[in-house]
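>>> fold the following for me, if possible:
(chains A and B)
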Amino acid sequence: SQTIHQWPATLVQPVGSPLSLECTVEGTSNPNLYWYRQAAGRGLQLLFYSVGIGQISSEVPQNLSASRPQDRQFILSSKKLLLSDSGFYLCAWSAFTGSFETNEKLFFGSGTQLSVL
Amino acid sequence: TQLLEQSPQFLSIQEGENLTVYCNSSSVFSSLQWYRQEPGEGPVLLVTVVTGGEVKKLKRLTFQFGDARKDSSLHITAAQPGDTGLYLCAGAWSGGGADGLTFGKGTHLIIQP
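From the prediction side, this is the model:
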């Protein structure tokens, strides 16, 4: 069966410090991978998605970046965190075959609660 | 930009009561998904509805997709404390690619024993 691992679960970082969040998926190959941020009152915001190794699409301009060094590994990074980067970060995967129109599903990790102070 | 409005934003009711939460849009969606999220966890998919007017049941939960595929509702019968959580709807639109899911802000549901 497929599993998704995301760590750390909680992180407190000072403003201006770097960030690295890691996500790995097991039990599937060539998944689509996603990074979402969930902030109070704003819902789930798609930050990045990747359809393959080295392929990253960004949905919103920001000081965050993403990388996919291996098929089942997705990393979210920042060189200098801002206060506004605080939030609950979720990694997700899907066995995407072309469109979400029918039965594509997103499987989420357990999230990282990031507090920037 | 396709937007999904969920209502109510917050709902707190007693165990055993019935409730309905809504997901509305001005856009037509090809399909709509409902997720439930518990505190400190990621969302978990409950159901996908695809056809206008479709009704799906998951134990005490009934999901309906509007005839025009612009809205959806989730009805819970005899709510239990285990139903507590954030309910999110997510719509997929025709022609959308790998980024093709739009999430609503969710309904925070609390079932008091």
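>>> quick check, pLDDT for the residue nearest to residue A:27 when sequence neighbours are not counted.
Spatial nearest neighbour of residue A:27, chain neighbours left out: residue A:2 (3.8 Å); criterion: CB to CB, 6 or more residues apart in numbering or on different chains. Yep, even glycine has a C-beta here, placed from its N, CA and C like the rest. On the pLDDT scale, residue A:2 is placed at 87.
>>> show me what contacts residue A:2?
Counting by CB atoms under 8 Å, 6 or more residues apart in numbering or on different chains, residue A:2 touches A:25-28, A:93, A:107.
>>> for it, give its distance to residue B:22.
To residue B:22, residue A:2 is 32 Å away according to CB to CB, to the nearest Å.
>>> check which helix or strand the residue nearest the centre of chain A maps to.
Geometric centre of chain A, nearest residue: residue A:35, 2.2 Å, by CA atoms, centre = their mean. Element membership for residue A:35 (DSSP states H and E) is strand A:32-39.
>>> just checking: what are the partner strands of the helix or strand just after that strand?
Using DSSP H and E, the next helix or strand after strand A:32-39 towards the C-terminus is strand A:43-52. Sheet neighbours of strand A:43-52, with direction, are listed as strand A:32-39 (antiparallel), strand A:55-58 (antiparallel) (DSSP bridges).
>>> tell me what the residue nearest to the centre of chain A is bridged to.
According to DSSP bridges, beta-bridge pairing links residue A:35 with residue A:48, residue A:91.
>>> follow-up on the earlier one: show me what counts as buried in the strand holding residue A:35.
For strand A:32-39, burial by neighbour count (16 or more other CB atoms under 10 Å in any protein chain shown) applies to A:32-38.
>>> close to chain B: what parts of chain A are there?
Listed as neighbours of chain B in chain A under the rule CB under 8 Å from any CB of the partner chain: A:6, A:9, A:32, A:41-44, A:46, A:49, A:51, A:57, A:59, A:90, A:92, A:94, A:96, A:99-111, A:113.
>>> show me how to select, in ChimeraX, the buried members of those.
Those of these that count as buried under 16+ other CB under 10 Å are selected in ChimeraX with:
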select /A:6,32,43,44,46,49,51,90,92,94,96,99,100,101,104,106,107,108,109,111
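>>> now the strand holding residue A:35, how far from the chain's geometric center?
For strand A:32-39, the separation from the chain centroid amounts to 4 Å (computed by CA atoms, centre = their mean, to the nearest Å).
>>> please put the alpha-carbon coordinates of that strand into CSV.
This file holds the C-alpha atoms of strand A:32-39, laid out as CSV (Å, rounded to 0.1, in the frame of the first residue of the first chain):
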residue,chain,number,x,y,z
ASN,A,32,2.3,13.8,-8.9
LEU,A,33,3.5,15.7,-5.8
TYR,A,34,2.1,18.8,-4.2
TRP,A,35,2.9,21.3,-1.5
TYR,A,36,-0.1,23.1,0.0
ARG,A,37,-0.2,25.8,2.8
GLN,A,38,-3.2,26.0,5.1
ALA,A,39,-3.5,29.3,7.0
